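K.L.:
Model the structure of this input:
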Amino acid sequence: KDHRQDQAELVRHLVQRGAHRFPHSHGRPFARHLAGVPALIAHWRQPPELITASLFHSAYSTEMFPWGLHPFRNRSTVRALIGTRAEQIVFLYCTVSQIKLYHSARTLASIPPSGLPITNCQTGERRVLPPKEAAKVLVLLSADIMEQDPFFDMYLAASLLRLAAPSP
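P.N.:
This is a model prediction of the structure:
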């Protein structure tokens, strides 16, 4: 199947789950934002699993957007729709403290070789995310913010991308 056809089917699924009912930035329906984030990720030539994950980036709700389209107990359903690797990114994105990632983006020059310390916003659990996994989350968060411009801080989005860049 064509990737665009798959994405159109996934957007239909999200609309069926109610994505069109939630208002989002610029007064647009949430479904439109959900489709805009993967457009940025694809433009940046990111891996297919990150493009797919970006479409579902708030599927379970996030620290900043509490209206989930799937409860956490539906992870197997989402996994069947988008694949294991994409679902793992979605789950991580939906549970990581974005507020603490914003702080990291403003204070760190790069992801430490040992990984990026993160906090689960649902449980308070702290762990270190390996650099490649951390970079995916940072790129996704940056695209999420940039897609909503002018309502968010573009310096923050750029800082997230700088932090996601490989160390020299």
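K.L.:
what's the pLDDT at the closest residue to Phe65 other than its chain neighbours?
P.N.:
If you skip the residues right next to it in sequence, Phe65 has Ser58 as its closest partner in space, 4.9 Å away by CB to CB, 6 or more residues apart in numbering. Yep, even glycine has a C-beta here, placed from its N, CA and C like the rest. pLDDT, the model's per-residue confidence, is 85 for Ser58.
K.L.:
quick one: Ser58 from Pro166, how far?
P.N.:
Taking CB to CB, to the nearest Å as the criterion, Ser58 is separated from Pro166 by 27 Å.
K.L.:
and if you look at Ala105?
P.N.:
16 Å.
K.L.:
Among those two, which residue is more densely surrounded?
P.N.:
Ala105 (21 against 9; other CB atoms under 10 Å).
K.L.:
Can you show me the strands along this structure?
P.N.:
Secondary structure of the chain, counting by DSSP state E: strands at 116-119, 126-129.
K.L.:
where does this protein have low pLDDT?
P.N.:
Counting by pLDDT under 70, the chain contains low-confidence residues at 1-5, 19-27, 29, 150-153, 168.
K.L.:
can you rerun that using 50?
P.N.:
By pLDDT under 50, the low-scoring segments of the chain are 1-3.
K.L.:
for it, what's the longest helix?
P.N.:
Secondary structure assigned by DSSP state H gives helix 131-147 as the longest helix of the chain.
K.L.:
can you pull the buried residues of it?
P.N.:
Across helix 131-147, burial judged by 16 or more other CB atoms under 10 Å covers 131, 133-147.
K.L.:
what does it rub up against?
P.N.:
With CB atoms under 8 Å, 6 or more residues apart in numbering as the test, helix 131-147 has contacts from 25, 33, 36-37, 39-41, 44, 46, 50, 53-54, 57, 89, 92-93, 96, 98, 101, 105, 111-113, 115-116, 118, 129, 152-154, 156-158, 160-161, 163-166.
K.L.:
mind redoing it with 6 Å?
P.N.:
36-37, 40-41, 50, 54, 57, 89, 92-93, 111, 115-116, 152, 157, 160-161, 163-164 (CB atoms under 6 Å, 6 or more residues apart in numbering).
K.L.:
got the CA positions of that helix in PDB?
P.N.:
What follows is helix 131-147, C-alpha atoms only, in PDB (Å, rounded to 0.1, in the frame of the first residue of the first chain):
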ATOM      1  CA  PRO A 131      20.200   9.000  22.900                       C
ATOM      2  CA  LYS A 132      18.500   7.700  19.700                       C
ATOM      3  CA  GLU A 133      15.200   7.200  21.500                       C
ATOM      4  CA  ALA A 134      15.400  10.600  23.100                       C
ATOM      5  CA  ALA A 135      16.100  12.300  19.800                       C
ATOM      6  CA  LYS A 136      12.900  10.800  18.300                       C
ATOM      7  CA  VAL A 137      10.900  12.200  21.200                       C
ATOM      8  CA  LEU A 138      12.600  15.600  20.900                       C
ATOM      9  CA  VAL A 139      12.000  15.800  17.200                       C
ATOM     10  CA  LEU A 140       8.300  14.900  17.700                       C
ATOM     11  CA  LEU A 141       7.900  17.500  20.400                       C
ATOM     12  CA  SER A 142       9.500  20.100  18.200                       C
ATOM     13  CA  ALA A 143       7.200  19.300  15.300                       C
ATOM     14  CA  ASP A 144       4.200  19.300  17.700                       C
ATOM     15  CA  ILE A 145       5.100  22.800  18.800                       C
ATOM     16  CA  MET A 146       6.100  24.200  15.400                       C
ATOM     17  CA  GLU A 147       2.800  23.000  13.800                       C
END
